[in-house]
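J.: Pasted the sequence and its predicted model underneath.
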Amino acid sequence: MLQEIIRKVGEIREKWEEERRDIPSLKVLEEVRIRFLGRKGLLTQLFTTLRELPSAERAEAGRLLNALRKEIQGEIERLKEGLAAKAEAERLKREAFDFTLPGSWRRVGRLHPLTQVRLEIEQIFMEMGFDVATGPEVETDYYNFEALNIPADHPARDEWDSFYIGEGVLLRTHTSPVQIRVMKSRKPPVRIICPGRCYRRDTPDATHFPVFHQVELLWVERGLTMAHLKWIIEEFVRQFFGPGYEMRFSADFFPFTEPSAQVHIRREGGPWLEIMGAGMVDPAVFEEVGYDPEEVTGFAFGLGIERMAMLKYGIDDIRLFFQNDIRFLGQF
Ligand code: DAH
């Protein structure tokens, strides 16, 4: 009966009016939609009863039902838009990123300046055809002194007085013992550099530290002269420091070279700084390692890595290298 339909439509509308007021989310909205418009929804069920009406009333009842359905559908669409916008706003708020916050970062480590300088020196000499050789930091008296033509009572030992670990065993005072080890194990020609740590019983000051680093160079072959030595050093200084540096050779004495020289360099106008001892390998050393001094000649030098770094970077105190102050180390 039409009357009955009108009443039910009124009921459903009332119910709808009540429910639509309080829909907090899209999920609830969908539940409500199903309850009214779903396959078994209140309105849908009412549609199925149309069949039972006399045909004269059916059109009018259908119009009423359709009107309500349209109304509810429209309202649901509007609510859906509102809720979707609200959900989107909440998502943006939740996922918002504050670009003004300070970033989190990890400190990146780097090589110690002395390591950097050592690698740079190695690179230059390797390109000139030298091999890198190493030897122990704990040496015997024989390699550190005897074989280098420094007998037990030789005054040169005073200068290199060191840390003794036991009878005839010490922390090496220079990298020169590596020369001996290499020559004893190879036949000439020999073309090596030996970088490494050395120890001396020095009181620390701006240019001395009991632990320091040297690079030894040794070239033994037929026909080498002091001119070759000078060229190698000049070339090295040019490559390592670049232009604008002056170099000076002066006479010196080392028991294992004859003649011996010390090499100073300076930035134009700056103070001279000794960077190495050098010389032609003494025949006594060749004899000790089993080379024939009538057959081969050679030259060698030992240069201080700290001093090279100090000159290059304008560092005025060697102790800075060993204090592990990140403010200093971070500058290189
Ligand atoms: N070993 C020397 C030192 O520590 C430096 C040196 C001088 C090394 C002359 C050499 C050399 O190879 O030929 O003071």
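T.: That came through, no problem.
J.: what's in contact with the helix or strand where residue 28 lies?
T.: Secondary structure assigned from DSSP states H and E places residue 28 in helix 26-37. Residues from elsewhere that reach helix 26-37 (CB atoms under 8 Å, 6 or more residues apart in numbering): 12, 16, 19-20, 23, 41-44, 69, 72-73, 76, 79-80, 83-84, 87. Every C-beta, even on glycine, is put in place using the N, C-alpha and C of the backbone.
J.: give me that answer again for 6 Å
T.: Residues lying outside helix 26-37 but in contact with it, judged by CB atoms under 6 Å, 6 or more residues apart in numbering, are 19, 23, 41-43, 72, 76, 79, 83.
J.: I'd like to know how far residue 140 sits from residue 254.
T.: Distance of residue 140 to residue 254, given as CB to CB, to the nearest Å: 20 Å.
J.: Neighbour count: these two, which is higher?
T.: Each of residue 140 and residue 254 has its neighbours counted (other CB atoms under 10 Å); residue 254 has more, 23 against 17.
J.: Return the set of buried residues in the helix holding residue 28.
T.: 29, 32-33, 36 (16 or more other CB atoms under 10 Å).
J.: Same check on stretch 44-52?
T.: Buried, per 16+ other CB under 10 Å, within stretch 44-52: residue 46.
J.: cool, and stretch 108-121?
T.: 113-114, 117-118, 121.
J.: Next: stretch 67-83.
T.: Buried residues in stretch 67-83 (16+ other CB under 10 Å): 68-69, 72, 76, 79, 83.
J.: List just the nearest of the residues you listed to the ligand.
T.: residue 83 (83.9 Å; CB to the nearest ligand atom).
J.: gap between the closest one and residue 231?
T.: 86 Å.
J.: List the contacts of stretch 302-317.
T.: Residues contacting stretch 302-317 (CB under 6 Å, 6+ apart): 113-114, 117-118, 174-176, 206, 212-216, 273, 275-277, 318, 321.
J.: Quick one: end-to-end distance for that stretch.
T.: 21 Å (CA to CA, to the nearest Å).
J.: Let me see the mean pLDDT of it.
T.: On average, the pLDDT along stretch 302-317 is 93.
J.: does it come close to the ligand?
T.: Yes. Judged by CB under 6 Å from any ligand atom, stretch 302-317 and the ligand are in contact via residue 302.
J.: helix or strand for the residue in the stretch 51-200 of the chain positioned nearest to the ligand, which one?
T.: The nearest approach of the stretch 51-200 of the chain to the ligand comes at residue 174, 3.2 Å away (CB to the nearest ligand atom). Counting by DSSP H and E, no helix or strand carries residue 174.
J.: pretty sure it is touching residue 200, no?
T.: No. At 8.5 Å, residue 174 and residue 200 do not qualify as touching, with contact defined as CB atoms under 6 Å.
J.: List the buried residues for stretch 146-154?
T.: Quick answer for stretch 146-154 (16+ other CB under 10 Å): 146-150.
J.: packing partners for the lengthiest helix in the chain?
T.: For the chain, the longest helix by residue count, based on DSSP state H, is helix 55-95. If you count contacts as 3 or more CB pairs under 6 Å, 6 or more residues apart in numbering; DSSP states H and E, helix 55-95 packs onto helix 2-20, helix 26-37.
J.: Please give the centre-to-centre distance between the shortest one and its chain.
T.: Centroid separation between helix 26-37 and its chain, computed with CA atoms, centre = their mean, to the nearest Å, is 59 Å.
J.: I'd like the average pLDDT over it.
T.: pLDDT averaged over helix 26-37 gives 92.
J.: what's the distance between whichever helix or strand comes after it and the middle of its chain?
T.: Remark: after helix 26-37, the chain's next helix or strand is helix 42-48, criterion DSSP H and E. Offset of helix 42-48 from its chain centre (CA atoms, centre = their mean): 73 Å.
J.: ok, now stretch 263-271?
T.: How far stretch 263-271 lies from its chain's middle: 34 Å, per CA atoms, centre = their mean.
J.: Please apply the same query to stretch 128-143.
T.: 29 Å.
J.: helix/strand/coil for residue 102?
T.: coil (DSSP: H, G, I helix; E, B strand; the rest coil).
J.: burial of it, as a residue count?
T.: Quick note: residue 102 (other CB under 10 Å) scores 5 neighbours.
J.: Please state the backbone phi and psi of it?
T.: phi -70, psi 140 (degrees, to the nearest 10).
J.: State the distance from residue 136 to residue 183.
T.: Per CB to CB, residue 136 is found 16 Å from residue 183.
J.: Those two - which one has more neighbours?
T.: Neighbour tally, residue 136 and residue 183, criterion other CB under 10 Å: the higher count belongs to residue 183, 23 against 13.
J.: circling back to that earlier point, of residue 174 and residue 200, who's got more company?
T.: More neighbours surround residue 174 than the other of residue 174 and residue 200, with 25 against 18 (other CB under 10 Å).
J.: so who does the more buried one touch?
T.: Taking CB under 6 Å, 6+ apart as the contact definition, residue 174 lies against 198, 302.
J.: rerun at 7 Å
T.: 160, 198, 214, 302 (CB atoms under 7 Å, 6 or more residues apart in numbering).
J.: Cool, thanks, talk later.
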